[in-house]
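>>> predicted model and sequence below, questions to follow.
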Amino acid sequence: MMKIIGKSVQRVDASSKADGSIKYTDDLEFNGLHADVMRSSIAYGKILSIKYDANFDFSEFTIVDYKDIKGSNTNTILMDDQPFLVENIVRFIGEPIILLAHRSKEALLEVKKHISIEYKEYDALYTLQESQERKNIIFGEDNIYKSINTCKGKEPDFSTLNRLTRTYSTPHQEQLYLEPQSMIARYNDGEIKIIGSMQCPFYVESALEILTTKKIEIEQAPTGGAFGGKEDYPSLMAAFVYLLSEKSQEDVKLVYSRRDDIAYTTKRHPAQMQFSSYFDDAGKLYGLEIEIALDGGAYCTLTPVVQARTVLHIAGFYDCEYIKVTSNSYATNTPPNGAFRGFGAPQAIFAIERHIDDIAKKLSLSPIQVREINLPTEHSKSVTDAKIEEYKRVRAIFEKARIASNFDAKYIQKKSKSLTKSGIGMALFMHGGGFIGDGETVLASQVWLELYQDSRVEIKISSVEMGQGAMTVMPQIVADTLKIPIEFVSYHTPNTKEVANSGPTVSSRTVMIVGDLLRQAAKKLQSSLKNYSNISSYQNRVKVYLGEKPSKRFEAQYIKPKHLKWDEDKFYGNGYDGYSLACYVAEVDIDPVTYQVKVKEFYAYNDVGEVINPILAEGQVEGGVAQGIGYALYERIVYEQGRVKNSRLSDYIIPMAADLPKIEIGFLESDASAKGLGELPMDGPAAAIANAVSNALGVAIDSIPILPEDVEQLCR
């Protein structure tokens, strides 16, 4: 039978998305109450009073505040610091205080005018620097959510080496999924079911357990993009509609406007990273001392694990005997920051890849020479003192991109006689797949395959389709293992009452971790059916095997490979089950009049092991590169005294199709096992583009986005 893995099978949801028949949360049949949120208007302070206009009729409105919460008012993620609804102290502009519901959306806009909140304002911390300087203490004793420090290798004799110290910074970035945050509560005789746009149904279930003793059914609706923005935030959305539904005893729907979504939901963590490097005249690294600071925002959310990934990626896979990293994440009075595609790695990759180019500039060497002399060997160890098993793959992907882009010649010939300045830049990087350290062991993910009398196999997992193609790729893995047509395998949006907890759809783990578990479960099924040579004999074997039974379940659960070791206290060992690798090259032109940077050519070479679906894989790369170009050149969240000033698509600028270059995409299938791809393409573009701009202008680029006004300043 034909092999299915490696084939560009058409997306199973392609036709429904093309003809518009797919129903996202706001498209679902609904005849209940619409919801809205009354939010804080100050960044930091105490609520003194909440007053309801005595001359306004509130009788048709459902109103919920923290006093209506029967359980604990705690949205537990990694810490118990964030309430569902403010009780006393507000910590950022837009923090939820009161929930409102009514049959009319217009009435919700009106009722807000008749509720007034009086505050006593405190001195807020609006920036990472203010938090570091402790102008006020807003969290703990020092504003620090988490400190992660690690050191590997023996400190070299610095006196014989060159030294370079530079600081790099990266900004907030908005996920900007097409479908805004959306959630529905269905009320039925005291039972409430939650349906909505989400990445992690069991996260939502866990978050709501603190509100009630009942087990709440959670179902993912078709989700119009997420990029990490729907990892932890939907737990808040679900709590809001649940509380309103419980009080009103009706269905409740909450759909954010684009303005509210941009202004109040989580963003990518801003980062500041200081590098001090020690190297010889050939550019060989002997020491790296790195300080990392992340802006976590007003609540911890997922900050410590984002921080951990930043540390794990901060030195890349370069060969360096001594690496010392100190890192802290800080509280500020801005909306909490959370997950975004790359999850701390894009910040780290921007810094290390820019620094490699800065070393080359200091020594008057090509950045190719400096990268080449520092490529890992069989003896190299990572920042967490783990052997870099991928050293051959790193060299192979580096050489492939170098040759395909003709980098050496273009770098030498970059000087143009035209007024338009041009440049070329490279980023060589990796991305760890799955949860950090022992995270996958703690998750203990499970998968179920259900075999039915009609020979159909149903995938029952909590991993979701959010645009990345999981609903197609996972059936490909199962069908290929069983040697049956993909039409015999089904996979639907998950419901927590019906599927195994395969963990969250995050961290480039869906194919690598969950896909491998599905392969294991499919092998068990195959073994149970014994021998079959074609689809007809398969169907006969199913009937014989099931007999009178309507179905049979086959399961698999994650078990940590024995060779992986991790010490959380020392932050030592194998950070991940496996790594994807990439080498990206950007060519840019800079307009001498408008100072706009245009990416004219882009080469994206990736090593993700076995590619399950080539067309979908290329789509992932194209999308990631587009987001990376936005991160590098366009996207800037403007905060003024803690308030987002550009919360509309008219003033939060992202690249359009016309702004994107030709992207040459390649895959090196160096490994038979599939690695994560979802986040990898987001990690490298900003670094490659910044290196190209630096090359074009002959000056260092220490921060992004690189806006025209920044280029103008650099050209002076």
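Thanks, I have the structure now.
>>> now do stretch 376-394, average pLDDT.
Averaged across stretch 376-394, the pLDDT comes to 97.
>>> tell me how far it lies from the chain's centre.
Averaging C-alpha positions (C-alpha atoms, centre = their mean, to the nearest Å) puts stretch 376-394 25 Å from its chain's average.
>>> can you check stretch 580-595 too?
With C-alpha atoms, centre = their mean, you get 23 Å for stretch 580-595.
>>> mind listing what's buried in that stretch?
By neighbour count on 16 or more other C-beta atoms under 10 Å, the buried set for stretch 580-595 is 580, 581, 582, 583, 584, 585, 586, 587, 588, 589, 590, 595. Heads up, the C-betas are built off the backbone N, CA and C, glycines and all.
>>> the second one contacts residue 427, doesn't it?
No: using C-beta atoms under 8 Å, residue 581 and residue 427 do not qualify as a contacting pair, with a distance of 11.5 Å.
>>> and the closest residue to residue 711 other than its chain neighbours, how far from residue 686?
Nearest residue to residue 711, sequence neighbours excluded (C-beta to C-beta, 6 or more residues apart in numbering): residue 595, at 4.1 Å. Distance of residue 595 to residue 686, computed by C-beta to C-beta, to the nearest Å: 18 Å.
>>> try residue 677
From residue 677 over to residue 686 the distance is 18 Å, taken as C-beta to C-beta.
>>> looking at those two, which one has more neighbours?
For residue 677 versus residue 686, the count of surrounding residues by other C-beta atoms under 10 Å is larger for residue 686: 32 against 29.
>>> identify the spatial nearest neighbour of the more buried one, chain neighbours not counted.
Closest to residue 686 by C-beta to C-beta, 6+ apart is residue 632, at 4.0 Å.
>>> tell me who's in contact with residue 470.
463, 464, 491, 505, 510, 511 (C-beta atoms under 8 Å, 6 or more residues apart in numbering).
>>> following the host helix or strand of the residue nearest to residue 686, which helix or strand comes up?
Assigned by DSSP states H and E, residue 632 belongs to helix 614-633. Following helix 614-633 in sequence order, the next helix or strand is strand 639-640 (DSSP H and E).
>>> any idea how far the helix or strand following that next one is from the chain center?
Remark: after strand 639-640, the chain's next helix or strand is strand 643-644, criterion DSSP H and E. Per C-alpha atoms, centre = their mean, the displacement of strand 643-644 from the mean C-alpha position of its chain is 22 Å.
>>> what pairs with strand 643-644, parallel or antiparallel?
Paired neighbours of strand 643-644 in the sheet (DSSP bridges): strand 639-640 (antiparallel).
>>> is it true that residue 274 lies in a helix?
No: under DSSP: H, G, I helix; E, B strand; the rest coil, residue 274 falls outside any helix and is assigned strand.
>>> can you name the residues bridging to it?
Those that pair with residue 274 in a beta bridge, by DSSP bridges, are residue 167, residue 291.
>>> what about it, how many residues nearby?
For residue 274, the tally of surrounding residues (other C-beta under 10 Å) stands at 16.
>>> how about it, what does it touch?
Here residue 274 is in contact with 165, 166, 167, 168, 290, 291 (criterion: C-beta under 8 Å, 6+ apart).
>>> and the residues you listed, which is closest to residue 658?
The shortest approach to residue 658 among the contacts of residue 274 belongs to residue 168, at 29.4 Å (C-beta to C-beta).
>>> for the closest one, give me its contacts.
Residue 168 makes contact with 272, 273, 274, 275, 350, 351, 354, 355, 702, 703, according to C-beta under 8 Å, 6+ apart.
>>> cheers, nothing more for now.
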